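Peer 1: for reference, the sequence and a predicted model appear below.
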Amino acid sequence: MARRNGAPEVNAGSMADIAFLLLIFFLVTTTIETDAGLDRMLPPMEPPEEDVVIKQKNIFTVNINKNGQLLVEDELTELKDLRAKAMDFLDNGGAASGSPEYCNYCKGKRDAESSDNPTKAIISLKNDRETKYSIYITVQNELVGAYNDLRNREAQRLYKQDFTDLEAAYLNPETPETDKEELKEKVQRIQGLFPQKLSEAETSSNN
Amino acid sequence: MSKFKKKKDGELPAVSTASLPDIVFMLLFFFMTVTVMKDSTIKVENVLPNATEIKKLEKKDRVIYIFVGKPTKEYENVYGTESKIQLNDKFADVKAVGDYILAERAKKSEELQNVLTTALKVDKNANMGLISDIKQELRKVNALKVNYTTYEGDAFNNLQ
């Protein structure tokens, strides 16, 4: 009779196979989710305390009809021209030099008929109930893009950096706290120069 | 005559595969830890539109999801082909959105309740009417921070 010393060793040769099997299962089921999108703020439900009077020239109206056509400032416009038009409007800086609303960093046409100052300029977006969501997102994307382009320009001028990079670094949870303070200041300064005023509610107008 | 043959010169020794399981286990653990199991099955068609000016949704625990789109094939008979809202695992009416947001908000810890974002995952073929209704509901419950979840890509691809 053969002598046994202890329990026989388990053959571990198939361990790799089992591990591979599990590995392949997890490889297949994994979806590394990359959720990203356009951040927007909705207007609060309560109307503001006092009625703010906004000059018609400071409002940039964008209407989307149910066929996805755009009416920008009462003109039929192609979607690809929207960004340039919005930038022209925001960057206009129409207030006369010397007036309190004068914009010293604007590089626009300084047309007295268009917006006075980027901080006053409002984009008003209206859409039909039958507008396709994809068109709406494209329009939103172009309008946010117009703001980002202008902000990038100012950030390049002031900090030699793109605003979108600054903001991404500020929002990144891995950025150390010490840098965040500095970034916050920069981000807020640029946001102050071109505040995002994108209204989707009814805007009362008055000449 | 020697009993043991000498190894031929030039023959390569076999590569040891003993550490293979270790390597595989390492990979396995990596994928096990990064895997996020889907917590809700999507019952609507959900092809998101493209956009370029996007921001990442960093913290998953601060996000409430709302899905909108046409019911998929298997639900078509019951729910029709019009765009529907899906909250968690169920199809829901627009009026239920507010309650859903409040319920989800109550589940989160107190310090997170004010920084929640609502992620709208909307199929690109949905109509804006439904989205406007959802937005109205969100405004009613003061959930003002929304994120239109999109894929990264040229926005003009949406038009086709």
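Peer 2: Okay, I see it.

Peer 1: now whichever residue of chain A sits closest to chain B: closest residue in space that isn't a chain neighbour?
Peer 2: Closest residue of chain A to chain B, Cβ to the nearest Cβ: A:Arg129 (3.3 Å). Bear in mind the C-beta positions are built from the backbone N, C-alpha and C, glycine included. Distances taken as Cβ to Cβ, 6 or more residues apart in numbering or on different chains place B:Gly129 nearest to A:Arg129, at 3.3 Å, with adjacent residues excluded.

Peer 1: correct me, but that neighbour touches A:Glu130?
Peer 2: Yes. Using Cβ atoms under 8 Å, B:Gly129 is in contact with A:Glu130, at 6.6 Å.

Peer 1: more neighbours, those two?
Peer 2: B:Gly129 (16 against 12; other Cβ atoms under 10 Å in any protein chain shown).

Peer 1: secondary structure element holding that one?
Peer 2: In the assignment (DSSP states H and E), B:Gly129 maps to helix B:128-140.

Peer 1: so what secondary structure elements neighbour that helix?
Peer 2: Judged by 3 or more Cβ pairs under 8 Å, 6 or more residues apart in numbering or on different chains; DSSP states H and E, helix B:128-140 is in contact with helix A:133-159, strand B:63-69, helix B:96-107, strand B:117-122.

Peer 1: am I right that A:Glu46 is in a helix?
Peer 2: No. Assigned with DSSP: H, G, I helix; E, B strand; the rest coil, A:Glu46 falls outside any helix and is coil.

Peer 1: that one: how many residues sit nearby?
Peer 2: A:Glu46: 8 neighbours (other Cβ under 10 Å).

Peer 1: one more: B:Tyr79?
Peer 2: Neighbours of B:Tyr79 (other Cβ under 10 Å): 15.

Peer 1: the residue lying closest to it once chain neighbours are set aside: neighbour count?
Peer 2: Computed as Cβ to Cβ, 6+ apart, the closest residue to B:Tyr79 that is not its neighbour in sequence is B:Pro71, at 4.3 Å. B:Pro71 has 20 neighbours, counted by other Cβ under 10 Å.

Peer 1: with A:Gly192 instead?
Peer 2: 11.

Peer 1: tell me which residues touch it, please.
Peer 2: A:Thr119 (Cβ atoms under 8 Å, 6 or more residues apart in numbering or on different chains).

Peer 1: the one helix or strand it maps to - what's its average pLDDT?
Peer 2: Element membership for A:Gly192, per DSSP H and E: helix A:177-193. The pLDDT scores in helix A:177-193 average 87.

Peer 1: repeat that for stretch A:96-115.
Peer 2: 80.

Peer 1: would you mark the buried spots in that stretch?
Peer 2: A:Cys103, A:Cys106, A:Gly108, A:Arg110, A:Ser114, A:Ser115 (16 or more other Cβ atoms under 10 Å in any protein chain shown).

Peer 1: just put those residues in CSV and tack on distance to B:Ile66 and secondary structure.
Peer 2: Formatted as CSV, the buried residues of stretch A:96-115 follow (distance: Cβ to Cβ, whole Å; DSSP: H, G, I helix; E, B strand; the rest coil):
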residue, distance to B:Ile66, secondary structure
A:Cys103, 39, coil
A:Cys106, 39, coil
A:Gly108, 39, coil
A:Arg110, 44, coil
A:Ser114, 38, coil
A:Ser115, 35, coil
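
Peer 1: between those, which is nearest B:Asp22?
Peer 2: B:Asp22 has its nearest neighbour among those in A:Cys106, at 62.7 Å by Cβ to Cβ.

Peer 1: low-confidence stretches in the chain?
Peer 2: If you meant another chain, say so; for now it's chain A. Applying pLDDT under 70 to chain A flags the ranges A:1-4, A:31-34, A:48-49, A:201-207.

Peer 1: looking at chain B here, not the other one
Peer 2: Those would be B:1-3, B:5-9, B:36-40, if you go by pLDDT under 70 across chain B.

Peer 1: quick one, longest helix in it?
Peer 2: Ranked by residue count, the top helix of chain B under DSSP state H comes out as helix B:20-34.

Peer 1: follow-up on the earlier one: which strands or helices does the helix or strand just after the helix holding B:Gly129 pack on?
Peer 2: Per DSSP H and E, the first helix or strand lying C-terminal to helix B:128-140 is strand B:145-152. Judged by 3+ Cβ pairs under 8 Å, 6+ apart, strand B:145-152 is in contact with strand A:36-41, helix A:133-159, strand B:50-51, strand B:117-122.

Peer 1: will you turn those into TSV that also has mean neighbour count?
Peer 2: Shown next, in TSV, are the helices and strands packed on strand B:145-152 (neighbours: other Cβ atoms under 10 Å in any protein chain shown):
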stretch	mean neighbour count
strand A:36-41	19
helix A:133-159	21
strand B:50-51	22
strand B:117-122	24
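
Peer 1: right, so of the ones you listed, which gets closest to A:Glu174?
Peer 2: When these are compared by Cβ to Cβ, strand A:36-41 sits nearest A:Glu174, at 16.7 Å.
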